[in-house]
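[1] A predicted structure for the sequence below; I have some questions about it.
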Amino acid sequence: MSNHLFTRSADVSISTGRRNFAIADLILFSIIHLIQMPIRYKQEWKYWHHRKKRHPGRCFTYSWFSMIGLLSQLRIASSAMVISTNHTNKSMLIAESCLQSVGLSPLLFEVSLVLLRSGQAGEYGRGNSKWTLPIRIALHGFRFPVFISIVLAVVGGIIDIHPCGEAGSAVLVVTFVFVCGLVGWLAVRSRSTLPVAGHRGILLTAMTLPFLLVRIIYFLLQEYGPSMFSPASGSIRILVGMGLLMEIIVISLLLVARGVIEPILGSTENKRHILSDNAGWARN
């Protein structure tokens, strides 16, 4: 995402292939958003793990602004910018590249959230995780370096400050290695500490790591590789193969993992909590 790529690509016509990709991207992520929203809403309503009282509006908010929902909205916004104009300019290229790059954060955040939910597989309410406090801190904590690393890498690439970009990229690689080790350790540990659904959720999450690795490599190539890896002006085949396809596979696996951990069908809720919660909602 270096400045020289923006300079070379500014004020040129958008190719037919790039426009067709943007249309396909918009359609695919619109479908993903429409699929994940009702599923996530039902999961929030059925298993409600938050401090505030359960409410339809809060369930809708959590489902709309879920990590996969945010990723879908970023991709939709990026594609809409391409479709809405016939010519690119530097500002548009910077905005589109930022949306494409920052979109990696929600995937890694969702990995953290799915792993946390695996410790509460099939349970309703707060404070019933089977993970120890250090594990919960580690699962929450790795989101911070992920966010900081991507911001540093993107900003460093845009304003052409190489130490900033290199620091962000290094933190991202180290954090991902830590995540891989943590997921592998949890996959072994969970066999004896979690119910079957929780363990299966972790295994499904572990399956996303090779595809996330490819996506992270593509992110780094966007920053330091040749112009063919630019998300705004590079090869459409590379963008599809290393970007879009990897994200769809990861999203699919994470949705399945959440579905295994928190199935929306069947009667697995704690009825006493549900009845109490519904009674409070009726009084209001």
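    Sure, I can see it. Numbering: from 1, shown residues only.
[2] helices of the stretch 101-250 of the chain, start to end?
    104-118, 133-141, 143-158, 162-193, 196-207, 209-224, 236-238, 245-261 (DSSP state H, counting those that start in this stretch).
[3] for Q43, find the nearest of these.
    Closest to Q43 of the helices of the stretch 101-250 of the chain, according to Cβ to Cβ: helix 245-261, at 6.7 Å. Backbone N, C-alpha and C define where each C-beta goes, glycine included.
[4] where among the helices of the stretch 101-250 of the chain is average confidence lowest?
    For these, mean pLDDT drops lowest on helix 143-158, to a mean of 82.
[5] just the residues contacting it, thanks.
    1-3, 94, 97-98, 101-102, 104-105, 108-109, 112, 161-172, 174-175, 219, 222-223 (Cβ atoms under 8 Å, 6 or more residues apart in numbering).
[6] hmm, back to that, which of the helices of the stretch 101-250 of the chain has the highest mean neighbour count?
    Highest mean neighbour count of the helices of the stretch 101-250 of the chain: helix 104-118, a mean of 23 (counted as mean count of other Cβ atoms under 10 Å).
[7] who are the packing partners of it?
    Under the contact criterion of 3 or more Cβ pairs under 8 Å, 6 or more residues apart in numbering; DSSP states H and E, helix 104-118 touches helix 67-83, helix 133-141, helix 143-158, helix 162-193, helix 196-207, helix 209-224, helix 245-261.
[8] now render these as JSON lines, adding distance to E44.
    Compiled in JSON lines, the helices and strands packed on helix 104-118 are given as follows (distance: least, Cβ to Cβ, whole Å):
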{"stretch": "helix 67-83", "distance to E44": "12"}
{"stretch": "helix 133-141", "distance to E44": "19"}
{"stretch": "helix 143-158", "distance to E44": "20"}
{"stretch": "helix 162-193", "distance to E44": "23"}
{"stretch": "helix 196-207", "distance to E44": "17"}
{"stretch": "helix 209-224", "distance to E44": "25"}
{"stretch": "helix 245-261", "distance to E44": "11"}
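[9] between those, which one is closest to Q36.
    Nearest of these (Cβ to Cβ): helix 67-83, 5.0 Å.
[10] ok, and the closest non-adjacent residue to the most centrally placed residue in the chain?
    When Cα atoms, centre = their mean is applied to the chain, the residue found nearest the centroid is L107 (2.1 Å). Nearest non-adjacent residue to L107, counting by Cβ to Cβ, 6 or more residues apart in numbering: V250, 5.5 Å away.
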